[in-house]
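Asker: structure, please.
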Amino acid sequence: MLTLGVQAQEQTGTITIKTSIVCDHCMKCDDCGYNIDTSVRKAKGIKKVEIDPEKSTVEVTYRTDKTTPEEIRVALSKAGYDADDVKADPAAYAKLDGCCKKD
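Answerer: Okay, the predicted model is just below:
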């Protein structure tokens, strides 16, 4: 008896999101970078999150069968940050550290 297994090849995509990072120590701060990373990872299928505070971008590699760019933008918005054309959730923004808020 011969059994053949077929696995679907995982499809990944990468999106670079323009955001509203205003502090210069985001990756050193226990709150800022961690908040962005964990919030984005709440979307299913997230493989990698890279934050670039100098460019105010978040680059996300994700499984296209598990999530969409829009869901990733909404997750970032729920962390209190703008995500391209999706504005930051006001309640989440209010909880950010003062260094993370626009003047």
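Asker: over to stretch 44-59 now: how far is its first residue from its last?
Answerer: Length of stretch 44-59, first residue to last, CA to CA, to the nearest Å: 16 Å.
Asker: my error: substitute stretch 78-97 in the last question.
Answerer: For stretch 78-97, the end-to-end distance is 15 Å (CA to CA).
Asker: okay, buried residues for it please.
Answerer: Neighbour-count burial for stretch 78-97, counted by 16 or more other CB atoms under 10 Å, picks out 78-84, 86, 88-89, 92-93, 96. (C-beta placed from N, C-alpha, C; glycine too.)
Asker: what does that stretch contact?
Answerer: 17-21, 23, 29, 31-32, 35-36, 38-40, 42, 58, 70, 72-74, 76-77, 100-101 (CB atoms under 8 Å, 6 or more residues apart in numbering).
Asker: wait, is residue 91 part of a helix?
Answerer: Yes: judged by DSSP: H, G, I helix; E, B strand; the rest coil, residue 91 forms part of a helix.
Asker: now do the contacts for the residue nearest the centre of the chain.
Answerer: Nearest to the mean C-alpha position of the chain, counting by CA atoms, centre = their mean, stands residue 40 at 3.4 Å. Each residue near residue 40 by CB under 8 Å, 6+ apart is listed here: 46, 49, 58, 60, 72, 75-76, 79.
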